[in-house]
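Engineer: just a sequence and a predicted model for now, questions to come.
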Amino acid sequence: MFSVERDFAAPVERVWAGYADPEIRSRWHLIPGRDSRHELDFRVGGSESLTGSFAPTGTVEQIANVARFHDIVDGERIVASYEAVVNGVLRWVSLLTLEFAATTTGTLLTHTEQYAFLAWTGDGADDVAHLKGSIPLRLNALAGLVEP
């Protein structure tokens with residue numbers, strides 16, 4: 001389990017839209033590459049699908065993430081679970097809680113993730129580092145869209 005907090009210089013409504021609006025979400029939540037696809041049905045019981053290929057080490061990996069939304073409190077909280085599949089192998093499953101809080105300068109977003117790896121690469125140390133390290137990078141992309 002880990003948590004990442006990020007202060008955004010944007011109101012809650014703009015940061016929230018980065019998750020709830022399919023057009024905005026697909027602009028920052030894509031797998032790099034031309035074959036990346038994103039679908040979002042943002043409602044309790046709805047889902048999100050993200051697929052594509054990526055070659056960070058030179059070897060192409062086929063990636064698929066599928067999420068389901070369990071709880072949505074408008075402007076306050078999102079609870080979802082998702083699975084990550086790499087080259088047809090279910091690698092990990094996560095429970096994700098996102099909390100949005102207004103601050104005097106914008107929004108504090110808290111991303112809390114409880115994960116279970118089901119298939120490791122080597123001893124797994126790189127897998128955990130990749131998962132934890134990818135969140136700040138994604139939030140940088142979101143900031144680029146919602147902050148002035």
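Structural biologist: In hand now; what should we look at?

Engineer: mind telling me what element residue 3 is part of?
Structural biologist: Secondary structure from DSSP states H and E places residue 3 in strand 2-8.

Engineer: ignore the last one, residue 114
Structural biologist: Of the helices and strands defined by DSSP H and E, residue 114 is found in strand 107-117.

Engineer: which strands and helices sit next to that strand?
Structural biologist: Helices and strands touching strand 107-117, by 3 or more Cβ pairs under 8 Å, 6 or more residues apart in numbering; DSSP states H and E, are strand 2-8, helix 12-20, strand 89-102, helix 125-146. No exception for glycine: its C-beta is placed from N, CA and C like everyone else's.

Engineer: what is the orientation angle of it with strand 89-102?
Structural biologist: 160 degrees (axes from the mean of the first three to the mean of the last three Cα atoms, to 10 degrees).

Engineer: got the contact list for strand 107-117?
Structural biologist: Under the contact criterion Cβ atoms under 8 Å, 6 or more residues apart in numbering, strand 107-117 has outside partners 1-8, 10-12, 14-15, 91-102, 124, 127-128, 131, 135, 139.

Engineer: ok, residue 68 touching residue 78?
Structural biologist: No - using Cβ atoms under 8 Å, residue 68 is not in contact with residue 78, being 11.5 Å away.

Engineer: CA atoms of stretch 101-112 as CSV?
Structural biologist: The C-alpha coordinates for stretch 101-112 follow below in CSV (Å, rounded to 0.1, in the frame of the first residue of the first chain):
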residue,chain,number,x,y,z
ALA,A,101,-9.9,18.5,-0.9
ALA,A,102,-10.2,22.2,-1.5
THR,A,103,-7.3,24.3,-0.2
THR,A,104,-6.6,28.0,-0.1
THR,A,105,-4.5,27.6,-3.3
GLY,A,106,-6.4,24.9,-5.1
THR,A,107,-6.8,21.2,-4.5
LEU,A,108,-5.1,18.6,-2.5
LEU,A,109,-5.4,15.2,-4.2
THR,A,110,-4.6,12.0,-2.2
HIS,A,111,-4.1,8.9,-4.2
THR,A,112,-4.1,5.7,-2.0
